[in-house]
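**Student:** how does the following fold in three dimensions:
(one chain, ligands or ions: 1)
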Amino acid sequence: MRPILIVGSIAFDTLHLGGKCHSKVLGGSATYASIAAAHFSPVQLVGVVGQDFPDSATKLLRDRSVDLAGLEIAHGETFHWEGRYSEDLSSRETLRTDLNVFADFKPKIPKAFRAAPYVMLGNIDPVLQIEVLEQIEKPAFVLADTMNLWIDIRHAELQKLCGRIDMLVLNDEEARQLTDQKNLVLAAKALRALGPKQVCIKKGEHGALLFQGDEVFALPALPLSKVVDPTGAGDTFAGGLIGYLARSGDLSSPNLRRALVHGSALASFCVEGVGTERLTSASPSDVHARLETFRQLTSF
Ligand code: AMP
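**Tutor:** Next up, the predicted model:
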């Protein structure tokens, strides 16, 4: 068993979806990524929550082989994010971000987690992502995710982080913003020049591109008839991807392609329910069936 260390946000989200408001929904980058990765390999989670974080949420994570020895329970309230989606769910606006205990988050990696061979640096300040790397031993594979906020306010630190990771995962808009390149092929080239061996560019409902060596791999997203809530799909994709890599222990380029398919399969469950509900209810045979659907979708 190769454990995956996952560091990121743990949140309560308020989600406005199709005229309905869902409050106190368990969310955060590390939550989605951990639940996704734990479908394939054990997870060691590092994050912070407040005293309001309920036992039901810790139980949900523990029941899925997520080790919570690195979960800090701080004085105050859990990070809260509120967003409203457009009618067609293709865009969203942030209505509110209450950092609460997340404002003072300083990831402390427990001794027992420092030798984790697979590491996912979920969406947090790149300064903290670098601090995590400074506390751990030499992992086999490090994946980092980011968002437009950090590209705006931590550009230099993000570039420094790129020199220390294996794979950078970001969406198309962020890739363009970080590199000042409109063309995604050139943007990926510029990002790889900063250090990562692989750059994975997510394109939402249009799938993802993986750039490694001289190769490009293009994977569509599964066309779904039921999309309920896109929150966390990107984190789920990255968590599923690294989870599969950890389970197989194979970092070859064909296996990285397979890892993208596994990440996309889990992301397709994520969007079918509010918050993590469908992601948590998906069984191994559901996941297997979806991988088969992907096979049919992409064979000709
Ligand atoms: P995604 O839909 O993949 O962008 O991720 C959504 C999750 O990101 C939500 O569950 C939020 O709680 C979390 N989130 C929103 N803003 C931030 C932030 N500034 N830092 C860390 N996590 C955030």
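**Student:** mind pulling up the pLDDT for Gly204?
**Tutor:** Model confidence at Gly204, given as pLDDT, is 87.
**Student:** for it, give me its contacts.
**Tutor:** If a contact means Cβ atoms under 8 Å, 6 or more residues apart in numbering, then Gly204 has 90, 171, 221, 230, 233 as its contacts. In this view, the C-beta of every residue, glycine as well, is placed from N, C-alpha and C.
**Student:** tell me how far it lies from Ser23.
**Tutor:** Going from Gly204 to Ser23 by Cβ to Cβ, to the nearest Å gives 25 Å.
**Student:** quick one: stretch 4-12 near the ligand?
**Tutor:** Yes. Interface with the ligand: stretch 4-12 contributes 9, 11 (Cβ under 6 Å from any ligand atom).
**Student:** what's the end-to-end length of that stretch?
**Tutor:** Start to finish, the residues bounding stretch 4-12 are 23 Å apart (Cα to Cα, to the nearest Å).
**Student:** now stretch 40-52
**Tutor:** 29 Å.
**Student:** and for stretch 168-188?
**Tutor:** Terminal residues of stretch 168-188 are spaced 10 Å apart (Cα to Cα).
**Student:** which intervals of the stretch 151-300 of the chain have sub-threshold pLDDT?
**Tutor:** Across the stretch 151-300 of the chain, not a single residue meets the criterion (pLDDT under 70).
**Student:** which single residue in it comes nearest to the ligand?
**Tutor:** Of all residues in the stretch 151-300 of the chain, the one sitting closest to the ligand is Gly234 (3.5 Å; Cβ to the nearest ligand atom).
**Student:** what's near enough to touch the nearest residue to Ala112 once chain neighbours are set aside?
**Tutor:** Once flanking residues are discounted, Ala112 sits nearest to Ala69: 6.4 Å by Cβ to Cβ, 6 or more residues apart in numbering. Residues in contact with Ala69 (Cβ under 8 Å, 6+ apart) are 44, 110, 112-113.
**Student:** report the buried members of these.
**Tutor:** Using 16 or more other Cβ atoms under 10 Å as the burial test, the contacts of Ala69 include 44, 113 as buried.
**Student:** closest one of the contacts of Ala69 to the ligand?
**Tutor:** Closest to the ligand, out of all of the contacts of Ala69 and judged by Cβ to the nearest ligand atom, is Gln44, at 19.0 Å.
**Student:** surely the closest one meets Arg2?
**Tutor:** No. Counting by Cβ atoms under 8 Å, Gln44 sits too far from Arg2 to count as a contact (11.0 Å).
**Student:** ok so, going back, looking at the contacts of Gly204, which are in helices?
**Tutor:** Among those, the members found in helices (DSSP state H) are Ala233.
**Student:** including neighbour count, could the contacts of Gly204 go into a markdown table?
**Tutor:** Shown next, in a markdown table, are the contacts of Gly204 (neighbours: other Cβ atoms under 10 Å):
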| residue | neighbour count |
| --- | --- |
| Ser90 | 11 |
| Asn171 | 19 |
| Ala221 | 20 |
| Pro230 | 20 |
| Ala233 | 25 |
